[in-house]
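Chemist: have a look; sequence and predicted model below, questions after that.
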Amino acid sequence: MFEKIKENFDDYNLKARVYPSLIALAPFFLLAYILIKNQAGLNIIASLASSSLITMLLLFFISDIVRNLGKFLESKVFGNELYFPTTEILLHINTYLTAEKRLKIYDKIRSDFQFSLATEVEEKNNENLARQKIKEAVGLVRQKVTNGRLLLQFNIRYGFWRNLIGASLFSCAFCIVDLVIFLLFYTSFASSFIALILFLFYLSIFLFRKLLLKFFGFQYAEQLFLEYLTK
């Protein structure tokens, strides 16, 4: 079945959307395993899973929901694209890049696209306009670099964590449902312990969402401009 999944998703969608969706559904899989461990139940699951059409439709649907949740939380962390790492990294007030490297990027953008970014003085006078210009320039840079040599891997890594963060609260809620069912109806210590570990895992991801998004976001941004300078 996994080979069928790989055939129907490209590398980005498989690793950045399907994988986080499957990880986010771990509490559901745990509950399903406990509730229908009898042979008949397993046969039903096997029959459904063997249907590539049903599997693909479910994965497309769930991964799209997870992606939208991730984009929503991303917008809450960064405000909007004016505050994305790809914008922040090119601001004069940001010291993530050296002034020399930033100047090279500015010069190349001006040369490639006849598009001038704000000077340091202009940025101080109107930071919002400076951010807007950088946002527009980043769109042009992405089109030129496309997936790049290593950029796709950085994009996949960022997308994976963004989408997993997006589903983390719902996964936490499902873990609580698991715990209630296991403790009240099944008195299963092992299952309850697994559900608790999963709950702490998802909760940690949600609590550290800003650090995770900024860490992987700045990695992607740095790689984007590194590869852009070699184009």
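Modeler: Perfect, thanks for sending it. Residues are numbered from 1 along each chain as shown.

Chemist: going forward, measure contacts and count neighbours with C-alpha atoms only.
Modeler: OK.

Chemist: where in this protein is pLDDT low?
Modeler: Residue ranges of the chain with pLDDT under 70: 1-9, 37-56.

Chemist: helices along that one, start to end?
Modeler: 2-8, 11-12, 19-24, 26-35, 39-50, 52-78, 85-88, 99-113, 120-125, 127-145, 151-181, 189-207, 209-229 (DSSP state H).

Chemist: and stretch 146-157, how far out from the chain middle?
Modeler: 13 Å (CA atoms, centre = their mean, to the nearest Å).

Chemist: rewinding a little: let me have the helices of the chain in JSON lines, extended by mean neighbour count.
Modeler: Below are the helices of the chain laid out as JSON lines (neighbours: other CA atoms under 10 Å):
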{"stretch": "helix 2-8", "mean neighbour count": "11"}
{"stretch": "helix 11-12", "mean neighbour count": "15"}
{"stretch": "helix 19-24", "mean neighbour count": "21"}
{"stretch": "helix 26-35", "mean neighbour count": "16"}
{"stretch": "helix 39-50", "mean neighbour count": "12"}
{"stretch": "helix 52-78", "mean neighbour count": "17"}
{"stretch": "helix 85-88", "mean neighbour count": "21"}
{"stretch": "helix 99-113", "mean neighbour count": "15"}
{"stretch": "helix 120-125", "mean neighbour count": "13"}
{"stretch": "helix 127-145", "mean neighbour count": "17"}
{"stretch": "helix 151-181", "mean neighbour count": "22"}
{"stretch": "helix 189-207", "mean neighbour count": "17"}
{"stretch": "helix 209-229", "mean neighbour count": "19"}
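
Chemist: Lys104 - nearest residue in space that isn't next to it in sequence?
Modeler: Excluding its sequence neighbours, the residue lying closest to Lys104 (CA to CA, 6 or more residues apart in numbering) is Leu229, at 7.8 Å.

Chemist: surely that neighbour touches Ile105?
Modeler: Yes: under the criterion of CA atoms under 8 Å, Leu229 makes contact with Ile105 at 6.7 Å.

Chemist: could you check how far the residue nearest to Tyr202 when sequence neighbours are not counted is from Gly70?
Modeler: Once flanking residues are discounted, Tyr202 sits nearest to Ser168: 5.0 Å by CA to CA, 6+ apart. To Gly70, Ser168 is 9 Å away according to CA to CA, to the nearest Å.

Chemist: Gly159 now?
Modeler: Applying CA to CA to Gly159 and Gly70 gives a distance of 8 Å.

Chemist: now swap in Leu207 and tell me
Modeler: 14 Å.

Chemist: and Leu211, by the same measure?
Modeler: 15 Å.

Chemist: give the closest residue to Lys144 in space, chain neighbours not counted.
Modeler: Tyr228 (7.6 Å).
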